[in-house]
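J.: Below: sequence and its predicted model.
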Amino acid sequence: MTRWLSCFAEYDFRVEYKPGRSNVVADALSRRPDYAVKTANANRIGVERVSAPSSPLIDDVKAAYASDADAKQLLSYASVPSDEARRKLTPHLRTRSHRYRVHEGLLLYREVDDYDLRMRIMYEYHDAPTAGHPGRVKTYLLLTRDSTGITSTSRCASTYVLAKCVNA
């Protein structure tokens, strides 16, 4: 610092403060151009550049119904519940038939027993590009809002988010 003071001592100058807005030259030199706000031309954004993400999960679940005899029986019963349709169910399905319902072609039950399917549901609500990678609480709220059929949703969401995000 002393060396610079001796260099500046040869000059006669006065230091004056200028706010950043009025000191355009210094402001331009100190700003990184890659941090500048960029604007997009709305006319250049075409429909071909916009793509809607798709999820094959629902299609896979509906396709799996064709190979599952229990699912076929429950779909026919839950679509139009009646005593006649209930009598056609096998005894082990008849005792649980009141827990099923059909929504948009999907057979819904209060709990998803299949671990792989449960993990795919968790992926769709947490990791998929459309999910936005929410945290534990928001993932839980999304799962309960859409009644995904995962009981102990809070524990499942906490475990999944912890394994995927915190311990990653």
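T.: Received it, and whenever you're ready, just let me know what you need.
J.: Just give the number of residues close to the closest residue to Y100 other than its chain neighbours.
T.: Closest residue in space to Y100, ignoring its immediate chain neighbours: A78 at 4.7 Å, by C-beta to C-beta, 6 or more residues apart in numbering. All C-beta atoms are positioned from the backbone trio N, CA, C, and that covers glycine. For A78, the neighbour count with other C-beta atoms under 10 Å is 19.
J.: And for the one 4 residues further on?
T.: Each residue near S82 was counted by other C-beta under 10 Å, and the total is 9.
J.: Equivalent analysis for Y11, please.
T.: Y11 has 6 nearby residues by other C-beta under 10 Å.
J.: in this structure, which spans are strands?
T.: 101-103, 106-108 (DSSP state E).
J.: tell me the most buried of those strands?
T.: strand 106-108 (a mean of 16; mean count of other C-beta atoms under 10 Å).
J.: So which residues lie in contact with that strand, not counting its own?
T.: Strand 106-108 has contacts (C-beta atoms under 8 Å, 6 or more residues apart in numbering) with 58, 61-62, 65, 71, 74-75, 78, 100-102, 147, 149.
J.: Adjacent strands (with direction) for it?
T.: strand 101-103 (antiparallel) (DSSP bridges).
J.: PyMOL command for the buried members of the contacts of strand 106-108?
T.: Buried residues within the contacts of strand 106-108, by 16 or more other C-beta atoms under 10 Å, are selected in PyMOL with:
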select buried, resi 61+65+71+74+75+78+100+102+149
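J.: From the contacts of strand 106-108, which shows the smallest pLDDT?
T.: For these, the least confident position by pLDDT is G149, scoring 55.
J.: got TSV for the strands of the chain, with distance to T159 too?
T.: Shown next, in TSV, are the strands of the chain (distance: least, C-beta to C-beta, whole Å):
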stretch	distance to T159
strand 101-103	26
strand 106-108	23
